[in-house]
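A.B. asks: Predicted structure and sequence below. I'll ask about it afterward.
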Amino acid sequence: MKILHIESSIFAHNGQSSQLSRRLIAQLKSQQPAVEVVEKHFAAAPVPHFDADFLTALNTKQEQRTEKQQQMVDFADQQIEDLESADILLIGLPMYNFGVPSMLKSWFDFVARAGVTFRYTENGPEGLVKNKKAIIVATRGGLYKGTPADSQTTFVSTFLNFIGIEDIEWVYAEGLNMGEETKQLAFSGAEQELLKIAAAVQ
Ligand SMILES: Cc1cc2nc3c(=O)[nH]c(=O)nc-3n(C[C@H](O)[C@H](O)[C@H](O)COP(=O)(O)O)c2cc1C
């Protein structure tokens, strides 16, 4: 089993979302020592903005690319390769200002590539990233789950569905800035859910 683990917290390993997603990895490794984990830690290795220079590099024929453009294409290709070679996509997802961390948005921009991860057909868009499970560990200071203010769940699910990932498990730890007791309860509840997920993916 191969896991692509994205820590998108600006606080790296200390992030609350990182601590919970790492808890799942520790559990999976204890169940299956051979599990392979590819780590992406955005705080340590920032994802650049997907801008017009990247798009131009991708749209330039290989033999006409500058060295810098080729490096940009290599980076972009690597993101898709890492996703495609994983069985499970695990994302530690903090809420920042009602949305997803900006580097995660940029990473989504890198992996959405027409003809590779999705295509348009007569029947509408078709995702090409098949046979994967996503596990999203969402941490928030307040309480948003199930309310219209939780744009994260809609956005991330819509995006992953669009590229073909339909099996998505959400684990929420909410109210983390609402006092110690609420925080501890949210953390232990999320841990219990993660243990159940780990047991099911054996
Ligand atoms: C810059 C910033 C913006 C935040 N914005 C929100 C927010 O809009 N809603 C919320 O409930 N919590 C917000 N929080 C609290 C975080 O969602 C919460 O602490 C979360 O667990 C952080 O995850 P992390 O430690 O993995 O980065 C914010 C925290 C930071 C640092």
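C.D. replies: Done, it's in. Numbers count the residues shown, from 1 in each chain.
A.B. asks: Can you list the buried residues in the helix or strand hosting L55?
C.D. replies: Per DSSP states H and E, L55 falls inside helix 52-59. Using 16 or more other CB atoms under 10 Å as the test for burial, helix 52-59 gives F54, A57, L58. For glycine as for every other residue, the C-beta is placed from the backbone atoms N, C-alpha and C.
A.B. asks: Might one say that the last one is in contact with F75?
C.D. replies: No. Contact between L58 and F75 fails when scored by CB atoms under 8 Å: they sit 10.6 Å apart.
A.B. asks: residues in this structure within reach of the ligand, list them.
C.D. replies: Counting by CB under 6 Å from any ligand atom, the residues of the chain close to the ligand are 9-11, 15-18, 92, 94-98, 139-142, 176-177.
A.B. asks: Now which of those residues would you call buried?
C.D. replies: S9, G15, Q16, S17, S18, G92, P94, M95, Y96, T139, R140, L176.
A.B. asks: correct me, but the third one touches L93?
C.D. replies: Spelled out, it's Q16. No. Taking CB under 8 Å as the definition, Q16 is not a contact partner of L93, at 10.5 Å.
A.B. asks: between these two, what contacts are shared?
C.D. replies: Shared contacts of Q16 and L93, defined by CB atoms under 8 Å, 6 or more residues apart in numbering, are found at T139.
A.B. asks: quick one on the thing from earlier: for the helix holding L55, packing partners?
C.D. replies: With contacts defined as 3 or more CB pairs under 8 Å, 6 or more residues apart in numbering; DSSP states H and E, the packing partners of helix 52-59 are helix 67-84.
A.B. asks: Name the residues that touch the helix or strand following the helix it packs on?
C.D. replies: On the C-terminal side of helix 67-84, the closest following helix or strand by DSSP H and E is strand 88-94. If you take CB under 8 Å, 6+ apart as the criterion, strand 88-94 is touched by 1-10, 15-18, 20-22, 24-25, 83, 100-101, 104, 132-140, 152, 156, 160, 165, 201.
A.B. asks: before we move on, back to that, quick check: helices, which of the buried ones among the residues of the chain next to the ligand are part of them?
C.D. replies: When DSSP state H is applied, these are split such that Q16, S17, S18 fall in helices.
A.B. asks: Would you mind putting these into CSV with pLDDT alongside?
C.D. replies: As requested, these are arranged in CSV below (pLDDT from 0 to 100):
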residue, pLDDT
Q16, 98
S17, 98
S18, 98
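A.B. asks: of all those residues, which comes closest to E191?
C.D. replies: Lowest distance from E191 to those (CB to CB) belongs to Q16, with 11.8 Å.
A.B. asks: for that closest one, what are its contacts?
C.D. replies: Counted by CB under 8 Å, 6+ apart, Q16 has contacts S9, P94, T139, A173, L176, F187.
A.B. asks: The helix or strand containing I6 pairs with which strands, and in what direction?
C.D. replies: Assigned by DSSP H and E, I6 belongs to strand 2-7. Neighbouring strands of strand 2-7 in its sheet, by DSSP bridges, are strand 36-41 (parallel), strand 88-94 (parallel).
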